[in-house]
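Asker: The sequence and its predicted three-dimensional model are supplied below.
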Amino acid sequence: MRKHFIDNLRWLVVILLIPYHAAQAFNTWGETNYVFFYPDKVLSSLIVFLSPFFMPLMFMLAGMSTKYSLEKRSVGQYLLERLKRLVVPLIFGTLAFCPVMSYIGDKLNLGYEGSFFAHYGIFFTRWTNLTGYDGGFNVGQFWFLLYLFIISLLAAVVVTVMKKTVKKPHTDVDIPFPVICLFVIPLPLLFDLLSVAGKSFADYIYVFFIGYFVMTNEKTLEKTEKYRYVTLAAGLVACSLSVYMFIWSGRNFGILNVIAKAFGEWFMILALTGIGKHSLDRKGKIPEYMSSRSFPYFSIHFIWTVLFQYWFSHLPGGGVLTLFVLPVIAAFVATLACSEICIRIPLLCFLMGTKPAAPSLSADNRRDGTDQILKP
């Protein structure tokens with residue numbers, strides 16, 4: 001049976017990307033950005049609140065989708081699909097969108113005065129911290145596709161080994177809810193392990209395989225649904241404590257902040273999975289529409305966010321309304337409009353890892369863009 005809540009959780013997370021990235025222009029911890037205006041504690045709180053769980057949730061959902069996918073196809077078919085749906089849009093997005101953002105970063109942060117096209121030479125030759133904020137090479141938001149492809153390769157190896165060594169894997173183990181909660185324990189140790197540009201491979205591998213082995217267990221899903229409000233309360237408290245300690249306290253809480261972040265990550269994942277299973281496991285016009293456009297939305301959203309913040313920075317005022325609210329709304333509209341165009345052009349669909357719109361088919365019978373990012 002199709003898990004509609006997985007699709008719906010995906011596009012809801014993807015929607016958050018525009019305000020999340022727009023808020024980076026106001027961070028209070030001194031991080032350079034493509035566009036930076038001034039520190040704002042409220043907008044920085046949005047980033048710190050969401051950061052622990054919203055991308056780990058995507059990797060966990062990817063692990064679940066991989067398990068369901070490999071039940072229907074071979075490892076070879078799975079890897080071929082990963083090449084088409086992850087590597088192609090990774091390369092295209094890096095070449096088409098990242099140079100624009102890198103150009104703006106160089107222009108605003110380092111005072112670059114050359115032309116946009118001349119900046120391509122800088123983009124491909126300046127290798128620094130891979131953020132692109134200094135005009136150098138970067139993969140922007142497509143780091144997610146890169147990480148996911150590498151983890152998918154690892155998953156293929158694990159599945160292949162298991163098929164040869166484990167005759168009958170136990171898939172119906174009834175894990176007690178307190179034990180499920182204890183999966184939070186390794187997280188503080190993983191955040192800085194195998195980390196590239198602040199993004200931990202170890203953390204994402206961990207939650208991916210939890211999704212694959214644990215969250216696809218129907219008994220586990222039932223428990224996440226049953227205790228969804230308990231885990232939501234724990235997750236909200238942990239994320240709020242993280243915001244207070246990191247943004248508002250004026251003190252360095254060190255390991256306590258790391259622990260709060262870990263609890264926020266795990267218990268919000270549990271809560272959102274349970275809420276999704278309870279309330280989002282259904283079809284509908286809006287979910288179908290958003291799911292079918294989620295992948296081009298993911299690919300396009302960042303460039304519009306950066307461009308609108310850059311353009312709106314030239315308007316008088318310079319407040320949150322002009323530099324955050326209006327750019328977010330404009331970027332959302334422009335991203336949806338471009339996504340609508342993309343899914344109607346086969347070549348762009350191929351380059352962005354999705355398939356052309358098929359309005360005559362139901363969501364159960366077509367493969368939408370969000371499916372393709374996380375499941376073949």
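Answerer: Structure's in. What do you need?
Asker: from here on, contacts and neighbour counts on C-alpha atoms
Answerer: OK.
Asker: Let's verify the residue nearest to the spatial centre of the chain: helix, strand, or coil?
Answerer: In the chain, the centroid-proximal residue (Cα atoms, centre = their mean) is Met55; its distance is 4.1 Å. Recorded secondary structure, Met55: helix (DSSP: H, G, I helix; E, B strand; the rest coil).
Asker: Skipping adjacent residues, who's closest to it in space?
Answerer: Leaving aside its sequence neighbours, Met55 sits nearest to Val13 (Cα to Cα, 6 or more residues apart in numbering; 8.0 Å).
Asker: which residues sit in contact with the residue located most distally from the centre of the chain?
Answerer: When each C-alpha in the chain is compared with the mean C-alpha position (Cα atoms, centre = their mean), Lys167 comes out farthest, at 34.8 Å. By Cα atoms under 8 Å, 6 or more residues apart in numbering, the contact list for Lys167 is empty.
Asker: Straight-line length of stretch 238-249, end to end?
Answerer: Chord length of stretch 238-249, first to last residue, is 15 Å (Cα to Cα, to the nearest Å).
Asker: In a helix, Met60, correct?
Answerer: Yes: counting by three-state DSSP, Met60 is found in a helix.
Asker: Show me where the stretch 101-250 of the chain has its strands.
Answerer: 195-196, 199-200 (DSSP state E, counting those that start in this stretch).
Asker: Tell me which residues are up against the first one.
Answerer: With Cα under 8 Å, 6+ apart as the test, strand 195-196 has contacts from Phe201, Ala202.
Asker: partner strands of that strand, parallel or antiparallel?
Answerer: strand 199-200 (antiparallel) (DSSP bridges).
Asker: hang on, the earlier thing: for Val161, see how far away the residue farthest from the centre of the chain is.
Answerer: On the measure of Cα to Cα, Lys167 and Val161 end up 11 Å apart.
Asker: gap between the residue nearest to Met55 and Ser294?
Answerer: Val13 is 10 Å from Ser294, by Cα to Cα.
Asker: Compute the distance between Gly140 and Leu43, please.
Answerer: Applying Cα to Cα to Gly140 and Leu43 gives a distance of 21 Å.
Asker: nope, Leu272 is what I was after
Answerer: 22 Å.
Asker: Tell me who's in contact with the residue lying closest to Asp174 once chain neighbours are set aside.
Answerer: Spatial nearest neighbour of Asp174, chain neighbours left out: Lys219 (6.1 Å); criterion: Cα to Cα, 6+ apart. Shown in contact with Lys219 (Cα under 8 Å, 6+ apart): Asp172, Val173, Asp174, Ile175.
Asker: Could you dump the residues you listed into TSV and include neighbour count and pLDDT?
Answerer: TSV is the format used below for the contacts of Lys219 (neighbours: other Cα atoms under 10 Å; pLDDT from 0 to 100):
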residue	neighbour count	pLDDT
Asp172	12	73
Val173	11	85
Asp174	12	90
Ile175	13	94
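Asker: which one of the residues you listed sits closest to Thr305?
Answerer: Lowest distance from Thr305 to the contacts of Lys219 (Cα to Cα) belongs to Ile175, with 42.6 Å.
Asker: quick one, what contacts that closest one?
Answerer: Counting by Cα under 8 Å, 6+ apart, Ile175 has contacts Lys219, Thr220.
Asker: Which of the strands of the stretch 101-250 of the chain sits closest to Phe37?
Answerer: Per Cα to Cα, nearest to Phe37 of these: strand 199-200, 24.0 Å.
Asker: contacting residues around the closest one?
Answerer: By Cα under 8 Å, 6+ apart, the list of residues contacting strand 199-200 reads Leu190, Phe191, Asp192, Leu193, Leu194.
Asker: Just checking the distance from that strand to the centre of its chain.
Answerer: Offset of strand 199-200 from its chain centre (Cα atoms, centre = their mean, to the nearest Å): 12 Å.
Asker: for the record, mean pLDDT for that strand?
Answerer: For strand 199-200, mean pLDDT is 91.
Asker: What is the nearest of the contacts of Lys219 to Val35?
Answerer: Among these, and counting by Cα to Cα, the member closest to Val35 is Ile175, at 46.4 Å.
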